[in-house]
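Novice: Need a 3D model of the sequence below.
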Amino acid sequence: MINMDVFRGFLQAIHHLPEMAQPIEMSDAERVNKAKAVMRSKLDRSLALDLEACVSCGYCSEACHYYQSTQDPKYTPSRKLDLLRRLHARETSAFAPIKRLYTPDITVDDLKEWQELCYDSCTECGRCSMICPMGVNTARGEFIKLRAA
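Specialist: Coordinates of the predicted model:
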């Protein structure tokens, strides 16, 4: 026999989610700065190496369910790393002072686009990482969610 009290408890908790998860009011500049701080805090040596090693060959798209079903280039797993790659190039790479001259900074519009790419179009299956000929752990970079560490 199934104890329905557990499910009723979940249902009550779900009804209270809107009051528990209120958005924080902040300006666009504050939002970008906070997102960049979270990305920098999660950007370690191995992720930086993966970002630099990706040659954008497209093999990861062969394994991606979203890309295969839509054939839309924005769903290519390596494309989903572009924002993180830009942050690394501008702020933590060896040639960051030079790359800042021609690499655009992150904007709120970039964050909104990245939100859809990472949260709404990835099943986190890891197939893109398994097929990569360069050994890039593409899935790890995609999973850097913009939450406080």
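Novice: ok, now how distant is residue 77 from residue 121?
Specialist: Distance of residue 77 to residue 121, given as CB to CB, to the nearest Å: 10 Å. Heads up, the C-betas are built off the backbone N, CA and C, glycines and all.
Novice: same question but for residue 13, I mixed them up
Specialist: Taken as CB to CB, the span from residue 13 to residue 121 is 28 Å.
Novice: out of the two, which sits in the more crowded spot?
Specialist: Neighbour tally, residue 13 and residue 121, criterion other CB atoms under 10 Å: the higher count belongs to residue 121, 18 against 10.
Novice: before we move on, which element is that one in?
Specialist: In this assignment (DSSP states H and E), residue 121 forms part of neither any helix nor any strand.
Novice: What of residue 12?
Specialist: Here residue 12 is assigned to helix 4-15, by DSSP H and E.
Novice: Whichever helix or strand comes after that helix - what's its average pLDDT?
Specialist: Moving toward the C-terminus from helix 4-15, the next helix or strand (DSSP H and E) is helix 17-20. Averaging pLDDT along helix 17-20 yields 76.
Novice: from now on call the first residue 418
Specialist: Shifting the count to begin at 418 puts that one at helix 434-437.
Novice: And helix 434-437, how far out from the chain middle?
Specialist: 24 Å (CA atoms, centre = their mean, to the nearest Å).
Novice: Then stretch 432-439?
Specialist: That offset, for stretch 432-439, works out to 24 Å (CA atoms, centre = their mean).
Novice: And for that stretch, what's in contact with it?
Specialist: Outside stretch 432-439, not one residue touches it by CB atoms under 8 Å, 6 or more residues apart in numbering.
Novice: Dump the C-alpha coordinates for the helix or strand harbouring residue 530 into PDB.
Specialist: Take DSSP H and E as the rule and residue 530 turns out to sit in helix 525-536. Output in PDB follows, covering the C-alpha atoms of helix 525-536 (Å, rounded to 0.1, in the frame of the first residue of the first chain):
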ATOM      1  CA  VAL A 525      22.100  40.800 -20.200                       C
ATOM      2  CA  ASP A 526      20.800  39.700 -23.600                       C
ATOM      3  CA  ASP A 527      23.700  37.100 -23.800                       C
ATOM      4  CA  LEU A 528      22.600  35.800 -20.400                       C
ATOM      5  CA  LYS A 529      19.000  35.500 -21.500                       C
ATOM      6  CA  GLU A 530      20.000  33.600 -24.600                       C
ATOM      7  CA  TRP A 531      22.400  31.300 -22.600                       C
ATOM      8  CA  GLN A 532      19.700  30.600 -20.100                       C
ATOM      9  CA  GLU A 533      17.500  29.000 -22.800                       C
ATOM     10  CA  LEU A 534      20.500  27.100 -24.300                       C
ATOM     11  CA  CYS A 535      21.700  25.600 -21.100                       C
ATOM     12  CA  TYR A 536      18.500  25.200 -19.000                       C
END
